[in-house]
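[1] here are the coordinates; sequence isn't available:
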């Protein structure tokens, strides 16, 4: 009987979904909270948006009135490998110390490797991996982090005590009486925070449905319950929510999720490609060496920057790994310029179109430099000599690496670290922070090699760890996100991790399934050239192409002098201010987008404050630090000036707070007043940022000749075959579609499924438009058409006039134009399909609607009077928003006909 694959489901996570709704709710009193300065000022790394959000969500659970009676003590952060869980942990330690008075922290993990790495991260000031600045200062006081084996009975001022240990060791101390070991009473003396890393290991009892007395889970649970105020914060990149018991345990504890596919989509990681080969292990080893050395040379020769790409050779057994190391050393020793030349000739003879594009680039480089092969071989022998190899397998039963290898493994990016190759079995699946790993080679010369599900899951996790982005120098600057166009030569060599796999069908099926379970987008490293998208020759013969125009509004420069008051940013600084605060939430479904306020039981009270409150609130929001504020308010001479009548004008207005009727103005605490002001200032900051730009739109629309602006272009199709984000049932999957219909001006479209559905829905209505219009054309406006050209800026819509809910001056390019022309006028309709981020980009739809509502205000160059420009609502999958109905009414004056009714068939009424 065939074993059925367990179906993945998107199970509801009530706490997480509630926090998302709270975060989006304008009336939630804590929604403006931002990462405090004492965290920003004391961490080496700057938080990314998702780390800020994770900290903010935790803050909500600990401070909001909505959670006061729930006593949330146990939460889980589900964060992708490499996304900065330890950075988040470091910030949470400072937050809990400063805001909630916690001084004892217990870090638990199940492996020594992760433990040693975290000791460096959180306590070793001399380590390059230390996450805090030295010294740590909060409100003028120095704070010490002291690593301890036992928590002291008396806690010193300005000291954070951090016990870092394995859960096995803590369990042993807890349940067996030893001298100087911490028993349960030691955890009950003072409140503490448990930081559980790699938390997916702590659910043994949950999975087995047995409460084993001395299990890890029991250990953690006992410590958590030892004091009423103890907290448990768990962190993992891997949580099996499809397992019913795991789901039941964590469904109300997951507080934030940042998944691996989102991490890669946000460009914070390398891309991941698979190279599948039937070569021998030795041939695959040589391929990896040639590719790795080519990466190093390419960076040096093209960009004059030094990188040291690392290769990892992965085996299933230590004996096989050690034998592979021996073969590798022998291969490098025997390598000559002549043997390399013969290898390259052999690869050329057996080459096919299905070959790895990146390896093909490497081969091409060495062939072009055949006259330098001896020099190259000498470099390879030096770079990959035995002294530059780490064997990361256990040297003995103690589970410890060779002396010095632990430090070397965790400093591979250091200029002083010369190691290029690692041989390993399973030591590095968790807890290994490496950025310059570019190639992982799965070795197969082992009679016991099996592509079992457990094996491939472990390998998929290793791939996720290796995908961390390497911030190499480029033009003197470092970036922590991918900079190059995906699948370009630069991207493949400098921003892509390659996993060299064995070409065994069952193994590959399991590996792809494991990668998909992790939602890790990967693809086979096949040749993926830029595809030509061409204007149809038949369209070029039309008068629309030869003399027609497409219209966008003109922009004009905005001098600094324009931004002389807050009203220029769309902010009213004359009216009194009303801030919702301390709302009681009605019971609503977790799927509801907002928490609704109970207006019937609220009233407004006056908030009294002085300058100290305003300065404090501005200090807590980094946007209002003067050096940053000046970027957006160029005429400002000081922050005090910003408080004046021309700008914030707070002291000439009254601030009201909407509060429950049970609360009076006198009940507001200083902390609550500060929160109210922060809420208002955060909104001001958001509007200033979106309202500032060097150019702004006007109501004058300019016609750009279609023959000059609708041009051929080239674009790649993303090469992914894993990750739900890119699978066939996803509206976001991008493909190339050949489109023969003459009313679509290009010969093809490289679009996602939502965009393709829009094209189909529009083209199937052409006959109805042809009954009214002489010319009907759908034009795809792809940003690749004029990338990095001034024309690209011209083909954008910009806000103009007044009355916008939010001011956004940056402009955007709608994806499609429906071009309709009859004898009297031209109708140009902008259409923007949208699959994600609808709320974040609502201003774009608002602009399209604004054009319709302010048609009388629009003027055209040369006083053209036969052109109309309009826009429709976002088109979503299956037209859930009724965009096509709006399109029909706008262009035809009535709705589209039913396509299901066969009008050629008539029933005789007399029958």
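    Good, I have the coordinates. Treat the numbers as computed from the prediction; the structure is a model and nothing was measured.
[2] List the contacts of residue 348.
    363, 367 (Cβ atoms under 8 Å, 6 or more residues apart in numbering). C-beta: built from backbone N, CA, C; applies to glycine.
[3] now do the one 3 residues further on
    With contacts taken as Cβ under 8 Å, 6+ apart, residue 351 has the following neighbours: residue 360.
[4] repeat for residue 611
    By Cβ under 8 Å, 6+ apart, the neighbours of residue 611 are residue 643.
[5] Find me the pLDDT at it, would you?
    Confidence at residue 611, expressed as pLDDT, is 83.
[6] Could you report the separation of it from residue 640?
    Separation of residue 611 from residue 640 (Cβ to Cβ, to the nearest Å) stands at 9 Å.
[7] What ranges does the stretch 301-450 of the chain have for its strands?
    310-314, 389-391, 421-424, 437-442 (DSSP state E, counting those that start in this stretch).
[8] ditto for the stretch 151-300 of the chain
    Using DSSP E, counting those that start in this stretch, strands in the stretch 151-300 of the chain cover 159-166, 192-196, 231-236, 254-258, 271-277.
[9] average pLDDT across the second one?
    The pLDDT scores in strand 192-196 average 95.
[10] Same question for the third one.
    Averaging pLDDT along strand 231-236 yields 94.
[11] Renumber starting at 48 from here on
    Right, with 48 as the first residue, what we last looked at is strand 278-283.
[12] Check the offset of it from the chain's centre.
    Put simply, strand 278-283 sits 22 Å off its chain's centre (Cα atoms, centre = their mean, to the nearest Å).
[13] which residues sit against that strand?
    Outside strand 278-283, the residues touching it (Cβ under 8 Å, 6+ apart) are 105, 120-126, 132, 135-136, 139, 143, 149, 238-247, 249, 267, 271, 300.
[14] Okay, and which of those map to helices?
    Counted as lying in helices by DSSP state H, out of the contacts of strand 278-283, are 105, 132, 135, 136, 139, 143, 267, 271.
[15] Can you spell out which helices and strands pack onto the lengthiest strand in the chain?
    Using DSSP state E to define each element, the chain has its longest strand at strand 742-752. Packing partners of strand 742-752 (3 or more Cβ pairs under 8 Å, 6 or more residues apart in numbering; DSSP states H and E): strand 596-604, helix 837-841, strand 906-907, strand 914-918.
[16] Tell me which of the strands of the stretch 198-347 of the chain sits most buried.
    Highest mean neighbour count of the strands of the stretch 198-347 of the chain: strand 239-243, a mean of 25 (counted as mean count of other Cβ atoms under 10 Å).
[17] and that one with strand 278-283, angle?
    10 degrees (axes from the mean of the first three to the mean of the last three Cα atoms, to 10 degrees).
[18] domain assignment for the protein?
    61-305, 327-575, 579-603+742-939, 606-736 (automatic domain parsing).
[19] any idea how far the third one is from the chain center?
    The one in question is domain 579-603+742-939. 27 Å.
[20] Repeat that for the first one.
    Computed by Cα atoms, centre = their mean, the separation of domain 61-305 from the middle of its chain amounts to 22 Å.
[21] Which of the domains of the chain sits closest to residue 947?
    Using Cβ to Cβ as the measure, domain 579-603+742-939 is the one of the domains of the chain that comes nearest residue 947, at 11.9 Å.
[22] Start and end of the closest one, how far apart?
    Start-to-end span of domain 579-603+742-939 (Cα to Cα, to the nearest Å) is 35 Å.
[23] Stretch 392-401 now?
    18 Å.
[24] Buried residues in that stretch, which are they?
    Applying a neighbour-count criterion of 16 or more other Cβ atoms under 10 Å, one finds residue 394 buried in stretch 392-401.
[25] in the stretch 448-597 of the chain, which spans are helices?
    Taking DSSP state H, counting those that start in this stretch as the test, the helices found in the stretch 448-597 of the chain are 452-456, 500-513, 536-541, 552-564, 584-587, 590-594.
[26] residues touching residue 596, list them.
    750, 751, 752, 753.
[27] now it, nearest residue through space, not along the chain?
    residue 750 (3.3 Å; Cβ to Cβ, 6 or more residues apart in numbering).
[28] Residue 692 too?
    Using Cβ to Cβ, 6+ apart, the nearest residue to residue 692 is residue 699, at 6.1 Å.
[29] Surely that neighbour and residue 693 touch.
    No - Residue 699 is beyond contact range of residue 693, at 10.9 Å (criterion: Cβ atoms under 8 Å).
[30] More neighbours: the two, which one.
    Taking other Cβ atoms under 10 Å, residue 699 and residue 693 do not tie; residue 693 has more neighbours (15 against 11).
[31] so which strand or helix has that one?
    Here residue 693 sits in a region with no helix or strand, counting by DSSP states H and E.
[32] In contact with it, which residues?
    Residue 693 sits next to 611, 612, 613 when contact means Cβ under 8 Å, 6+ apart.
[33] So which residues of the stretch 748-897 of the chain form strands?
    Under DSSP E, counting those that start in this stretch, the stretch 748-897 of the chain gives strands at 760-762, 781-785, 795-799, 822-827, 863-868, 873-878.
[34] name the helices or strands packed onto the last one?
    I take that to be strand 873-878. Using 3+ Cβ pairs under 8 Å, 6+ apart, strand 873-878 sits against strand 863-868, strand 914-918, helix 930-939.
[35] what separates residue 168 from residue 154, distance-wise?
    For residue 168 relative to residue 154 (Cβ to Cβ), the value is 10 Å.
[36] and those two? which has more neighbours close in?
    More crowded of residue 168 and residue 154, by other Cβ under 10 Å: residue 154, with 25 against 22.
[37] Kind regards, and thank you for your time.
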